[in-house]
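Engineer: Make a model of this:
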Amino acid sequence: MAERRYDCCSVSSSILNWRDKILKRYNLPEYKWWRDYNKSVVFFGMYRPSDYLKFLWHRGQKTVHWCGSDILQAGWHYRWMSKIKANHICENEIQHYILKLMLRPQPVEIKYTFLSNPDDFPISYRQSETPRVFIHINKDAETESGFFILERIAQRLPKIKFHIYGKIARQNSFPNIYFHGFVPEKRFNREIKQYHGALRLHEFDGFAETTAKSVLMGQYPISRIMYPHIDTYKDEDELVKLLRELKNKKEPNYKVRNYYLEQFKL
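Structural biologist: So this is what the prediction gives:
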């Protein structure tokens, strides 16, 4: 993002918990609409009416970084946004397809972003005959996060250990599923170093931090959504096959790590 030389950044209040991370990562001051209306600004997330009002009001160069579910929530706003000159950024081919349809003729590009410092995630992968994978699931998002898929495949993969993080109110359903609950990020980052891959089972999503961290640590993440050089699956049988192959991954995933290190450069 730095190549555009933004002057400031507007972060939607719907993702307020990410604000400090975003501003720190891109070294940008927070946007003030009454002061910065002629500057170059990047809008992170378009979730609320106030986000659209700021976008409409702004007179300088503007870029929208769509985060995921905000694309599905945009509704009729697409009709007038397509008439306003702006750059648009998304995080995968599915999002890109939707935005290109809705925002034509405005430019839309795919950019894989990571809001933490990549240097904090050195290679830690060590092969195991009993691989451990991790997934983040929040309360009331079990279906979209793939929790019930995970329950089904765990029965077929008794030698693989599934570690679930997030505010999910569940009890241990199977001996190879472990619920860690919500943990501070420093602890989360420390614990996932011992695992072998992240799972991201969302049908519609942005480029998840869990996937990014897994790649940087030389692991072998698995995603439902296609990303370059990352394993993806179309059905549960393919997912099970990929998980069974984890024990055969002898070396860290250097090639994919190096690819995404380049993508994450500012």
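Engineer: Pull out the buried residues from the helix or strand hosting Asn189.
Structural biologist: If you go by DSSP states H and E, Asn189 is part of helix 185-191. Residues of helix 185-191 classed as buried under the neighbour-count rule (16 or more other Cβ atoms under 10 Å) are 188-189. C-beta: built from backbone N, CA, C; applies to glycine.
Engineer: quick one: contacts of the helix or strand just after it?
Structural biologist: Tracing the chain past helix 185-191, the next element assigned as helix or strand by DSSP H and E is strand 197-200. Among residues not part of strand 197-200, those counted as contacts by Cβ atoms under 8 Å, 6 or more residues apart in numbering are 131, 133-135, 146, 150, 162, 192, 208, 210-211, 213-214, 219-225, 246.
Engineer: Centre of the chain to the helix or strand that strand 197-200 is followed by, how far?
Structural biologist: Moving toward the C-terminus from strand 197-200, the first helix or strand encountered (DSSP H and E) is helix 209-216. The chain centroid and the centroid of helix 209-216 are separated by 9 Å under Cα atoms, centre = their mean, to the nearest Å.
Engineer: helices or strands up against helix 209-216?
Structural biologist: In terms of contacts (3 or more Cβ pairs under 8 Å, 6 or more residues apart in numbering; DSSP states H and E), helix 209-216 is packed against strand 132-136, strand 197-200, helix 254-263.
Engineer: tell me which residues form a beta bridge with Asn87?
Structural biologist: Judged by DSSP bridges, the bridge partners of Asn87 are Thr63.
Engineer: which residues touch it?
Structural biologist: Shown in contact with Asn87 (Cβ under 8 Å, 6+ apart): 4, 61-64, 106-107, 109.
Engineer: what's the answer for Arg224, then?
Structural biologist: Listed by Cβ under 8 Å, 6+ apart, the contact partners of Arg224 are 146, 200-203, 205, 232-233.
Engineer: Now flag whichever of those is closest to Phe121.
Structural biologist: Of all the contacts of Arg224, the one sitting nearest Phe121 is Arg200; the distance, using Cβ to Cβ, is 16.4 Å.
Engineer: Quick check: closest non-adjacent residue to that closest one.
Structural biologist: What sits nearest to Arg200 in space, not counting adjacent residues and going by Cβ to Cβ, 6 or more residues apart in numbering, is Ser223, at 4.5 Å.
Engineer: The one you found: how many residues sit nearby?
Structural biologist: 22 (other Cβ atoms under 10 Å).
Engineer: What pLDDT is listed against it?
Structural biologist: The per-residue pLDDT reported for Ser223 equals 98.
Engineer: Then Lys139?
Structural biologist: pLDDT for Lys139: 78.
Engineer: where in this protein is pLDDT low?
Structural biologist: Low-confidence segments of the chain, defined by pLDDT under 70, are located at 1-4, 171-172.
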